[in-house]
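Undergrad: generate coordinates for the sequence data below:
(one chain, ligands or ions: 1)
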Amino acid sequence: MRATRFLNACRGEPVDCTPVWLMRQAGRYLPEYRKLRSGRTFLELCRDPALAAEVTLQPIERLEVDAAILFSDILVIFDGLGIPLEFVPGQGPVISKPLRCAADISALRTFVPEEHTPYVLETIRLVRRELDGQVPLIGFAGAPLTLAAYAVEGGTSKNFTHLKRMMFAQPDVFKDLMAHLARAVSSHLRAQAEAGAQALQLFDTWAGILAPEDYARHVMPFSCAILASLRDLEVPLIHYANGAAALLTELGRLGADVLGIDWRIGLRRVVEALGPDVVLQGNLEPSVLYASEEYIESRVADVLAEGATARGHIFNLGHGVHPDIDPGRVRAMVDAVHRLSAST
Ligand code: CP3
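TA: Below you'll find the predicted structure:
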């Protein structure tokens, strides 16, 4: 049943127990990841299909999760677009020439997946072969707003001043940037599905920085267009928004099959707002994994009870797993999800 649990839940179909995977399930909290990462940069790891495939598979056995997620990053498309990107230790992504004006946007190149990120497609093919149907593989991309946030700010930001200035003072420039990114994301995701990704997730990490009316006007049309452009693929489309609580009405209209929700709102309240037909993914507070196994289990039970009010539920954290979490606690969480949801 492990092979079909995740995809069945995405479609709101019956499952033997609640499927579970974690955002950032491959990464620094795993010693086997740190070993492969040592002596090379993060982007070198992403660009080496054999190594990226190995990292993708690392959490599958150790954690017994019900889906694999491609090891890559939302920012790998920047190079092809002509936006120079570096990951600086301790600082995260750094874009040395941030996009600030109309000329910067018109200089952007068209993203061509086979040409600019062939290593992503090769990794997907390798992972599918190695998984041999054990669990499905999720492909992903960043949503246009989150990508624009990094490209315009030049990296991680506190207040997103440059991004918001562009949105409000140069709305046409911002719109051109969002349209360009939306086209790139659409072809990136389509290529991943064609290479073998069995579900696609759009990450909108920074959706929560906007007022709902600004999200609706400046962001939603582009995320909607991406999802609509992928409809013919017949793979489940998951939309994750961080800060979902303030945007529920808008998120409900995106056209996603599954809504990924962060931990700041209970899933029951999402169902109350959007109706019992929704399929939800989430949303344990990631810091709960610092607690004892008994406490983790009690919080897993709470999330399962809330998730049971939706048509389908895929258990996940409300955001990525922290790099200093004990992998043993993650395994305890996964086991608790399976055990508690099978007995109810
Ligand atoms: O979930 C997975 O296991 C798949 C791999 C994955 C990574 N990044 C690997 C990664 C996924 C799905 C992402 C998505 C991503 N990347 C998002 C959206 C989700 C989120 O976390 O909000 C964002 C905003 C990024 C951009 C990004 N990548 C930042 C800001 C950073 C630096 C912060 C950090 O955690 O180090 C990264 C680097 C990154 N992406 C690492 C990993 C495993 C750490 C790399 C390392 O130093 O080894």
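Undergrad: make it CA atoms for all contacts and neighbour counts henceforth
TA: OK.
Undergrad: where does the residue lying farthest from the centre of the chain fall, secondary structure wise?
TA: Distance from the C-alpha centroid of the chain peaks at residue 103, with 30.3 Å (CA atoms, centre = their mean). Residue 103 is part of helix 102-106, with elements assigned from DSSP states H and E.
Undergrad: rewinding a little: give me the pLDDT for the residue farthest from the centre of the chain.
TA: pLDDT, residue 103: 98.
Undergrad: correct me, but residue 334 touches residue 65?
TA: Yes. With contact defined as CA atoms under 8 Å, residue 334 counts as touching residue 65 (6.7 Å).
Undergrad: show me which residues of the stretch 201-344 of the chain are close to the ligand?
TA: 203, 205, 320 (CA under 6 Å from any ligand atom).
Undergrad: apply 8 Å and report the result again.
TA: For the stretch 201-344 of the chain, the residues in contact with the ligand (CA under 8 Å from any ligand atom) are 203, 204, 205, 206, 242, 319, 320, 323.
Undergrad: with distance to residue 230, secondary structure and neighbour count as extra columns, can I get those residues in CSV?
TA: As requested, those are arranged in CSV below (distance: CA to CA, whole Å; DSSP: H, G, I helix; E, B strand; the rest coil; neighbours: other CA atoms under 10 Å):
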residue, distance to residue 230, secondary structure, neighbour count
203, 15, strand, 22
204, 17, strand, 22
205, 21, coil, 20
206, 22, coil, 20
242, 22, coil, 20
319, 24, coil, 23
320, 25, coil, 15
323, 33, coil, 13
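Undergrad: pretty sure residue 53 is touching residue 126, no?
TA: Yes. Contact criterion CA under 8 Å: residue 53 and residue 126 qualify, at 6.4 Å.
Undergrad: which of these two has more neighbours?
TA: Neighbours per residue, other CA atoms under 10 Å: of residue 53 and residue 126, the larger number sits with residue 53, 24 against 18.
Undergrad: count the neighbours of residue 118 for me.
TA: Residue 118, neighbours per other CA under 10 Å, totals 14.
Undergrad: give the contact list for it.
TA: Taking CA atoms under 8 Å, 6 or more residues apart in numbering, we find residue 118 in contact with no residue.
Undergrad: gap between it and the ligand?
TA: Using CA to the nearest ligand atom, to the nearest Å, one gets 17 Å for the distance from residue 118 to the ligand.
Undergrad: just to revisit the earlier point, contact partners of the helix holding residue 103?
TA: So helix 102-106 is in contact with 99, 173, 176, 177, going by CA under 8 Å, 6+ apart.
Undergrad: farthest-apart pair in these, please.
TA: Distances among these were taken as CA to CA; the most separated pair is 99 and 176, at 11.8 Å.
Undergrad: looking at the two, which has the bigger crowd around it?
TA: Each of residue 99 and residue 176 has its neighbours counted (other CA under 10 Å); residue 99 has more, 24 against 14.
Undergrad: the more buried one and residue 147 touch, don't they?
TA: No. Using CA under 8 Å, residue 99 is not in contact with residue 147; the gap is 11.3 Å.
Undergrad: any figure for the gap between the residue of the stretch 201-344 of the chain found nearest the ligand and residue 243?
TA: The minimum distance from the stretch 201-344 of the chain to the ligand, using CA to the nearest ligand atom, falls at residue 205 (4.6 Å). With distances taken as CA to CA, to the nearest Å, residue 205 is found 8 Å from residue 243.
Undergrad: and what of residue 135?
TA: 29 Å.
Undergrad: so where's this protein uncertain?
TA: 343-344 (pLDDT under 70).
Undergrad: can you pull out the helices in the stretch 101-250 of the chain?
TA: Residue ranges of the helices in the stretch 101-250 of the chain, as given by DSSP state H, counting those that start in this stretch, are 102-106, 113-116, 118-131, 144-153, 161-169, 171-195, 212-218, 220-229, 248-252.
Undergrad: just say which of those helices is most tucked in.
TA: helix 144-153 (a mean of 23; mean count of other CA atoms under 10 Å).
Undergrad: could you list every residue that touches the residue in the chain that the ligand sits nearest to?
TA: Residue nearest to the ligand within the chain (CA to the nearest ligand atom): residue 24, separated by 3.0 Å. Shown in contact with residue 24 (CA under 8 Å, 6+ apart): 320, 321.
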